[in-house]
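**Q** Got a sequence here, can you model it:
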Amino acid sequence: MKALVYTGVETLAYQDAADPAPAKGEVLIRVDSVGICGSDMHAYLGHDARRPAPLILGHEAAGVITGGPRDGERVTINPLVTCGICPACQSGRENLCPSRQIISMPPREGAFAQWVTMPERNLVTVPEHVSLGQAALAEPIAVSWHAVRLGLAALHPSDDRRALVIGGGAIGLAAALALRAMGCDDVTVAEPNPTRRAYLEKQCGLTTVPTAEGGYPIVVDAVGFAATRAIASARATPGGVIVHIGLGEDTGGLDIRRMTLQEITFIGTYTYTAQDFRDTAQAMFDGQLGALDWVEERSLSDGQGAFADIRAGKVAAPKIVLKP
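**A** Sure thing, here's the model as predicted:
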């Protein structure tokens, strides 16, 4: 098969790769659409030791099952593979499974390829009225759906359901959409890039600002740098909630003294539970998350160019979806 292989810092090669073979309980999927994630960019820039070259990246995927009793079924992929038997899995918190794996990280190759294998339990059937390009958005939206669900649950009942989202990329946009779907209508997205702000306002109907001011009961950091954590800890109102999704850099930024004195809750969130993923997909299929038309599609063979354009800040759309 053909695959887009990460071969070194800022280098991707579109080349031949071994065809994957399904293990017991797995199926073979012909990949139709696969999104470029921030974690793929971190690996591309050489910032993710968990993703060493050479490696097929990509975990935001949808495609068609090939072979077996479900042959021809259109599916979106939950890329998080868990054991199913540990206390975390048994309690419905599969994202905390100590033996969790995710495609695009060894030992599992990713979906920037013509084919990928996945356990059947990780697949959600896609209805005919939803394109597979749209269905590939289930994974990044599920990340934000999970985060927003936890953040709103931690919010005090007396607080306004008013939110600031830091970062207007795919995860920030998805967080804003999830907040609205869960009844939080007053959402502001802080995004310094004017081209991205214009896109979010025109295409997605969101309220954006270049720099956040004032206070918000719930703040979602969809970037995860020291600078954005500093904004989050300054803008959360007393008794408010900070939800941290981004993995930009490991340390710095939080004003721990203010967070302590003002009883601000900090929640770190990672991926999603299996139920979060299913709930996200259903919300997408039901139209609760909008038209899902905020993507730019390119050929997988042009993957190197797509990564370079994202790196250079030339992409207005929050998400590029590659088509093998």
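**Q** what sits against M259?
**A** 233, 236, 242, 266 (C-beta atoms under 8 Å, 6 or more residues apart in numbering). Any C-beta I mention is one placed from the backbone N, CA and C, and that applies to glycine too.
**Q** Domain parsing of this protein, as residue ranges.
**A** Domains of the chain are assigned by automatic domain parsing as 2-137+292-323, 141-268.
**Q** Ok, which of these comes nearest D276?
**A** Nearest to D276 among the domains of the chain is domain 141-268 (4.3 Å), distances taken as C-beta to C-beta.
**Q** and the closest one, how far out from the chain's middle?
**A** Its chain's C-alpha centre and that of domain 141-268 lie 15 Å apart, by C-alpha atoms, centre = their mean, to the nearest Å.
**Q** distance between the ends of it?
**A** Using C-alpha to C-alpha, to the nearest Å, one end of domain 141-268 lies 17 Å from the other.
**Q** what about it, average pLDDT?
**A** When pLDDT is averaged along domain 141-268, the result is 97.
**Q** For stretch 140-157, buried residues please.
**A** Across stretch 140-157, burial judged by 16 or more other C-beta atoms under 10 Å covers 140-152, 155.
**Q** Give me the subset of the contacts of M259 lying in helices.
**A** S233 (DSSP state H).
**Q** Let's have the contacts of M259 in JSON lines, adding distance to E73.
**A** Output for the contacts of M259, formatted as JSON lines (distance: C-beta to C-beta, whole Å):
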{"residue": "S233", "distance to E73": "46"}
{"residue": "A236", "distance to E73": "44"}
{"residue": "I242", "distance to E73": "40"}
{"residue": "F266", "distance to E73": "41"}
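**Q** Sitting in strands, which of the contacts of M259 do you find?
**A** Among the contacts of M259, the ones falling in strands (DSSP state E) are 236, 242, 266.
**Q** Could you export those as a markdown table, including distance to V116?
**A** A markdown table is the format used below for these (distance: C-beta to C-beta, whole Å):
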| residue | distance to V116 |
| --- | --- |
| A236 | 39 |
| I242 | 35 |
| F266 | 35 |
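**Q** Do you have the strands of the stretch 1-150 of the chain handy? List them.
**A** For the stretch 1-150 of the chain, the strands defined by DSSP state E, counting those that start in this stretch cover 2-8, 11-16, 26-35, 55-56, 60-66, 74-77, 80-81, 101-102, 115-119, 123-125.
**Q** can you list the residues that contact the last one?
**A** Yep, that's strand 123-125 we're talking about. 27, 29, 65, 73-78, 138, 277-278, 281.
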